Structure formats: structure tokens, C-alpha cells
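J.: attaching a predicted model along with its sequence, questions to come.
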Amino acid sequence: MATSAICVETREVVRCESCKLMQYRTVNSLCRRCHHWLESADAEPLAPFLVTSPSTEENPDAAIQIAAQVREVRLEHRLSQRQLANRMRVPRTYISKIENGKAIPTLSSLERLAFALGVEVRRLVRDARGRRQEEVTSILSDPFLAEIAPLVPGLDSLHRALFLGAVRDMATGRRRTA
């Protein structure tokens, strides 16, 4: 199994005041589209992230995560791909490619996508930890589960198995025989 060096890199995201393009800061601090100077006061630094290889290929896992989020939010808002595409003024096939992980939207496209869906950009690029935290919060909103949750770590494996079996039997309506 081949290994590669891992380095931590931060990239600064800025918006051009002239053409409003969201982009990573360039080496010369000029906008990629209109070539105006990018002000440093508008900079929004991103949290550090791991770069596993120096290649310029996109991370397929990132595409899958963004695709799943875009589809989930679009369906929550009961929008078709065509309706979302019309809101963004892009072809429907572009939305399809994003949702199937065949295209990764640029920062400005992500911003337009989030605006069209009525959500923040971070909702579309949230990671597994964010989803897990939402699931835990949802589960613990049930008073019964919230009362049981702190007690479960104190059970040994035998008692956990017995407890799970009893709950499963009660939920399915089966009776345990002694």
C-alpha cells in the first residue's frame, strides 16, 4: 500500500467587490474574472484541511457529499431539478451532474446554489460530523431516549444484548419465553 505525505494547508476565500465572484485568493491578489485588486478586509479564512496528494484532481468523496446534500435540500424544498436550474439560470443537466457527483460546483456556483435553495453554503458542504450531530440531536429530542442514553454506557455487553432484545421484542409484539 502506497503512502503519501500529508500536509495541512489553509486557503483564503475572498469576494471581488467589483464582479462579486467568490474565489480562492490568487497568488497576485487579482480577481480571476475582472482582474481587480482583491481587498484583504473581505477575506474569510477557511479552516485548515488535509491535502493528501499534490495532484489537482478533485476529491470524489467531496463530490458525493455535496451531491447528497444538494439532492436532500432540493427534495426538502419540494423542487424539481428543472425548477432549481431555473432559479440559478443554469441548464437542468448541470444540476443533474452535481447531484450525481459528476461535477463539483465552484465556490460561486455553490453560493448561487445555496441562495436558490434558501440555505447557507455551509449546509451544502457540511461534513459527516455535522450530520452526526444533527442525528444525535434529533434522537435525543425524544424524552424516553434522552433518559436512556446516559445509562447505556454503564451496561456490560450481556446487559446491552438483553436490553436490545427486550426492546426489539416489545416493538415487534413478540413475547419472550423463559
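T.: Sure thing, it's come through.

J.: what residue ranges in the protein are flagged as low confidence?
T.: Along the chain, the parts satisfying pLDDT under 70 run over 1-10, 40-63, 126-131, 175-178.

J.: do a quick rundown of the strands in it.
T.: 7-9, 12-15, 22-24, 44-45, 49-51 (DSSP state E).

J.: care to break the protein down by domain?
T.: 1-56, 58-126, 142-172 (automatic domain parsing).

J.: please identify the most buried of those domains.
T.: Sort the domains of the chain by mean neighbour count, taking mean count of other CB atoms under 10 Å, and domain 58-126 sits at the top with a mean of 16. Quick note: C-beta positions are derived from backbone N, CA and C, even for glycine.

J.: what's the offset of that domain from the middle of its chain?
T.: 11 Å (CA atoms, centre = their mean, to the nearest Å).

J.: and the residue lying closest to residue 39 once chain neighbours are set aside, how far from residue 135?
T.: Leaving aside its chain neighbours, residue 39 sits nearest to residue 17 (6.3 Å; criterion: CB to CB, 6 or more residues apart in numbering). The spacing between residue 17 and residue 135, counted by CB to CB, to the nearest Å, is 40 Å.

J.: which residue ranges of the protein form helices?
T.: With DSSP state H as the criterion, the chain has helices at 60-76, 81-88, 92-99, 107-117, 121-124, 128-140, 143-148, 157-172.

J.: just the angle between the first one and helix 107-117, please?
T.: By that I understand helix 60-76. Here helix 60-76 runs at an angle of 20 degrees relative to helix 107-117 (axes from the mean of the first three to the mean of the last three CA atoms, to 10 degrees).

J.: just checking, what packs against helix 60-76?
T.: Secondary-structure packing of helix 60-76 (3 or more CB pairs under 8 Å, 6 or more residues apart in numbering; DSSP states H and E): helix 92-99, helix 107-117, helix 121-124.

J.: which other residues reach the last one?
T.: Which is helix 121-124. Residues outside helix 121-124 that contact it (CB atoms under 8 Å, 6 or more residues apart in numbering): 66, 69, 70, 73, 110, 111, 113, 114, 117.

J.: now swap in the second one and tell me
T.: Residues from elsewhere that reach helix 107-117, judged by CB under 8 Å, 6+ apart: 13, 21-24, 66, 70, 73-74, 77, 79, 84, 87-88, 98, 105, 120-121, 123-125.

J.: apply 7 Å and report the result again.
T.: Residues from elsewhere that reach helix 107-117, judged by CB atoms under 7 Å, 6 or more residues apart in numbering: 13, 21-23, 70, 73-74, 77, 84, 87-88, 105, 120-121, 123-124.
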